[in-house]
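Visitor: Output the structure for:
(2 chains)
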Amino acid sequence: MEPHAFRQTFARLRSEIQKVIVGHEALLEEVLIALVAGGHVLLEGVPGLGKTLLVKTLAATLDLRYSRIQFTPDLMPADIIGTNVVMQDETGRRFFEFQRGPIFSQIVLADEINRATPKTQSALLEAMQEHSVTVAGTHYQLQEPFFVLATQNPIEMEGTYPLPEAQVDRFLFKLRVPFPPLADLVTIMDRTTGPEAPAVEVVTPGPIVLAMQALAREVAVAAHVKEYVARLIGATHPESERAASMARRFVRYGASPRGAQALLLAAKVRALVAGRANVSFEDLRALGLPALRHRVILNFEGEAEGVDPDDVVRNVLEETPELAARV
Amino acid sequence: MTLPPEVLALLRRVARALAWTQALVWGTRGVGAAAGASLLLVAVGTILPLPISPLLVLGAGLTAAGAAALLRGLVPARSLLAVAHVADARLGLAERLSTAVDLAAGRIQKTALAQAVMADATRRASAVVPGAAFRIRPPVSARWTALTVVAALLASLSVGGLTLPATPARQKAAQIRSEGRRLEQVARRLEQVARTERVPEARRAAQQVRQLARDLQRPRVDRVSAESRLAALERQLEGTRQQLSERIGPASPRPRLDLPDALFRSPAMLDQPIRQLRELAARLADSQGVQGERRDLLQQLSSLSQAGEGQMPAAVRGKVEEARRQVEAGNAAAGRETLTQALEDLEALRAMMADEQALSETARELQRSAQRIARGAPGGKGQEEEGLEGDNSPASAPGRQRLIDREEDSPGALPPKGPHEGSTPGQGRAPEKLGAQTPRLEASGERSRVRGQEARGGLQTSEILGPGRRQPARTRVVKLSPAVVRRADEHMARARIPADLRSLVRRYFEQLARRP
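Guide: Next up, the predicted model:
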């Protein structure tokens, strides 16, 4: 795939989804970036903002298998992954057969993921990281591309189970779905309360998405840009010499190396979308918040003072110079 | 993979612009530092006598800063990568150039999109106009630097030379004025020498020394300018003296031995031959004398022509010999003419020697003043006299005129102190006879200047001729026993001394004997 074709496909995907989703341009672009980067997205927002609709529309535009899992407290891992059931053939012989769960799709919507128990949440760990599932000693490879979009409600905390750090770290981005502006709200009402619901067409098949993912990895990154990523990650760690002031005060653990990978990979996709074959500082700055906000673990003081991890990441971006030495 | 030419050209252009911008920063900082240092020196100079001029520091700083800035501007030392970083940032190229440079240098792994990176960088490098982003302009601090330079200049010109009371700087200023007064005496004496000996260079030098002396006595003359002016005049006088020395060289009397020329450059050495030539010329003018004392004249001419090279130049001796032959041939008039020419040559030589000697002594006095100002020893007056007393230079040798007369024109001033005088009672010694100069001739002098209005109006000089005044000799009479004189003569006779140098050796040892 050529960069030009990449850009065209990306633009068509975006415009097709925007037929249904009103506003949320940045959110939409970040979701698509995560998709092309091969990462998963955790969408956080109050109910009714269109999180589920976004994922469903995305699945509709991509010719990929889609499944939705509604996470509830009684949801079991087997409900996600699948289980061996006893089957009987024509001869009456009984045997176990693996019944695949909803995880065996290419786009998985894990709705209200924080409502399931940690045990069930962790059932996603292997699938998200390795793109494979192991059941009763048998290893099953998931079909590529594999994309998990999870949603969670930040307000309703009663009866929820916050995602463990290891689980959160698996998400490439954590995106916050904002309330739409007034004009967008009017448009939403127009589109959804009329006689005809807007329909989308399939734009991109799975192999094209894989080709886009492969091309994104070919984007060049200058040495000093990589160093900047490393310094950004280092600045989130309170014990680091170059820690940002807020990180030093309010952070218990900074971003992991997986955060650096996520940031750089997403920046490569953004560079291609912008028509470049190289990553710029601007790409990194633009994607700093979605890639790092869920990887910064606040300490007691931060929690007590109600510090927003976004503020910490912003502080890190402000206080970390792009060039280590003055040129 | 190589860097595309368009990218390279852009980077070089940016590198040049950055180098000149940096050069302006360097230059501004250097000039600011020099101006600041100059201001500081002006302030410190009111308290301490500084050996360096604030204006000189300012000038040197400006020159050094200019040179450094020029060098920085002409030699862009930045690496291409560093230039690419700056170009990316200022031209909004989103790290296109630096990534291309990294790829070209092999600093990052070549990917499938490497060619696309290069093509993109080339396209953007061709389209971008770096003029606005890299306009060479002085830094913001240039305005303040210019103000500091102006302040330093104004301070140097207006405050320079001002001293605070009771500070070392004020003492130094007093010392410089004291040296100015001393040099005025030197100039006055030099004028006397010039009038007496009719030497043109010494006359010119006297005017210059007088002007310098007056300048040194002006208020707000700092140490640096005083020293530099003294050194400049000293160099000028030394140059003139060397020219005179070169002119004298071939004509001066030379010893047969390889002895220093200085021993034979005293004009007093020519006094006796001049007197003898005058006497002989006068006797030749009397034709009766020539007829009556012809043999005696021929003998004197012969002995004069055969005098040693240390007494009379060879050319003059040749003319005397020629005059002798003419007299011997009976042509007394021609002999007198030749003898008169020899006399004129000898007198001209003597004048040049006197000129050279006066210039040499003046240069030494200037050097001495400069040394005193540089050393910074307190007590201008006492030190002045100490310097004169301790002077063992040829200028203080007997028979030579001193350029400084003590209290010649300041009768109200106290006599100078000798060494140790005043600090240890009873151990001082009177340096030498003081007082006004006694008239030497039985003739009344014609005053051409009015006292107190010195140097106003034209200076008239006239030669006064008259017989010597009879007065008791000042030289102490020392009686030597005939035995001692005889023994000395015997030793002289035994020593292997050339006959024509015996008188010289004798004078030398007599000088040694007179020294304290």
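
Visitor: If you rank every helix and strand of the chain by mean pLDDT, what lands last?
Guide: I went with chain A, as the question did not name one. Here the helix or strand of chain A ranked lowest by mean pLDDT, DSSP states H and E is helix A:182-192, holding a mean of 82.

Visitor: actually it's chain B I care about, not the one you picked
Guide: helix B:380-389 (a mean of 40).

Visitor: ok so, going back, just name whatever secondary elements the least confident helix or strand of chain A is in contact with.
Guide: Using 3 or more Cβ pairs under 8 Å, 6 or more residues apart in numbering or on different chains; DSSP states H and E as the contact definition, helix A:182-192 packs against no other helix or strand. From N, CA and C alone the C-beta is placed, and that goes for glycine too.

Visitor: what packs against the helix or strand just after it?
Guide: Counting by DSSP states H and E, the next helix or strand C-terminal to helix A:182-192 is strand A:204-205. In this structure, strand A:204-205 packs against helix A:3-17, strand A:62-63, with contacts taken as 3+ Cβ pairs under 8 Å, 6+ apart.

Visitor: Strand A:204-205 - which strands sit beside it in the sheet, and in what orientation?
Guide: Strand A:204-205 has the following sheet partners, assigned by DSSP bridges: strand A:62-63 (parallel).

Visitor: Mind giving me the packing neighbours of whichever helix or strand comes after the partner strand?
Guide: As assigned by DSSP H and E, the chain's next helix or strand after strand A:62-63 is strand A:66-70. The elements that strand A:66-70 packs onto, with contact taken as 3+ Cβ pairs under 8 Å, 6+ apart, are helix A:51-61, strand A:107-111.

Visitor: So which of those is the most surrounded?
Guide: For these, the stretch with the most neighbours on average is strand A:107-111, a mean of 24; neighbours defined as mean count of other Cβ atoms under 10 Å in any protein chain shown.

Visitor: relative to strand A:66-70, how tilted is it?
Guide: Here strand A:107-111 runs at 10 degrees with respect to strand A:66-70, directions being taken by axes from the mean of the first three to the mean of the last three Cα atoms, to 10 degrees.

Visitor: and the strand or helix carrying residue B:119, how far from the chain's centre?
Guide: If you go by DSSP H and E, residue B:119 is part of helix B:114-127. Chain-centre distance of helix B:114-127: 69 Å, with Cα atoms, centre = their mean, to the nearest Å.

Visitor: now do stretch B:7-18
Guide: 54 Å.

Visitor: which residues sit against it?
Guide: The set of residues that contact stretch B:7-18 without belonging to it, under Cβ atoms under 8 Å, 6 or more residues apart in numbering or on different chains, is B:3, B:76, B:78, B:80, B:83-84, B:86-87, B:97, B:100-101, B:118, B:121-122, B:125, B:128, B:130, B:134-136.

Visitor: which of those count as buried?
Guide: Neighbour-count burial (16 or more other Cβ atoms under 10 Å in any protein chain shown) is assigned, among the contacts of stretch B:7-18, to B:3, B:76, B:78, B:80, B:83-84, B:86-87, B:97, B:100-101, B:118, B:121-122, B:125, B:128, B:130, B:134.

Visitor: re earlier: after the helix holding residue B:119, which helix or strand is next?
Guide: Using DSSP H and E, the next helix or strand after helix B:114-127 towards the C-terminus is helix B:142-158.

Visitor: Need the mean per-residue confidence for that following helix.
Guide: Average pLDDT, helix B:142-158: 89.

Visitor: Repeat that for stretch A:130-143.
Guide: Rounded mean pLDDT across stretch A:130-143 is 88.

Visitor: and if you look at stretch B:240-252?
Guide: Taken as a whole, stretch B:240-252 has an average pLDDT of 79.

Visitor: And chain B, split by domain according to the record?
Guide: Partitioning chain B according to automatic domain parsing yields domains covering residues B:5-158, B:266-351.

Visitor: What residues of the helix holding residue B:119 count as buried?
Guide: The neighbour-count criterion (16+ other Cβ under 10 Å) identifies B:114, B:116-118, B:120-122, B:124-125 as the buried residues of helix B:114-127.

Visitor: again, but for stretch A:127-135
Guide: Residues of stretch A:127-135 classed as buried by neighbour count (16+ other Cβ under 10 Å): A:127-128, A:133, A:135.

Visitor: where in the chain is pLDDT low?
Guide: Picked chain A for this. Low-confidence regions of chain A, defined here as pLDDT under 70, cover residues A:324-327.

Visitor: nope, chain B
Guide: Going by pLDDT under 70, which is the cut-off in play, chain B has low-confidence ranges at B:77-78, B:250-265, B:286-293, B:307-310, B:376-464, B:472-480, B:513-516.

Visitor: Contact residues of it facing chain A?
Guide: Counting by Cβ under 8 Å from any Cβ of the partner chain, the residues of chain B lying close to chain A are B:78, B:82, B:85-86, B:89, B:94-96, B:98-100, B:102-103, B:107-108, B:111-114, B:116-117, B:120.

Visitor: Show me these that map onto helices.
Guide: Restricting the residues of chain B next to chain A to those inside helices, with DSSP state H as the criterion, leaves B:82, B:85-86, B:89, B:96, B:98-100, B:102-103, B:114, B:116-117, B:120.

Visitor: export the residues you listed to CSV and tack on distance to residue B:372?
Guide: Converted to CSV, these look like this (distance: Cβ to Cβ, whole Å):
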residue, distance to residue B:372
B:82, 57
B:85, 61
B:86, 59
B:89, 63
B:96, 72
B:98, 66
B:99, 71
B:100, 71
B:102, 69
B:103, 73
B:114, 78
B:116, 81
B:117, 76
B:120, 77
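
Visitor: returning to what we had before: give me the residues contacting the helix holding residue B:119.
Guide: When contacts are taken as Cβ under 8 Å, 6+ apart, the neighbours of helix B:114-127 outside the stretch itself are A:3, A:220, A:275-278, B:1, B:3-4, B:6-7, B:9-10, B:93, B:96-97, B:99-100, B:103-104.

Visitor: Please report the distance of the residue lying farthest from the centre of chain A from chain B.
Guide: For chain A, the C-alpha farthest from the mean C-alpha position belongs to residue A:91; by Cα atoms, centre = their mean, that distance is 47.5 Å. Residue A:91 sits 55 Å away from chain B, going by Cβ to the nearest Cβ, to the nearest Å.
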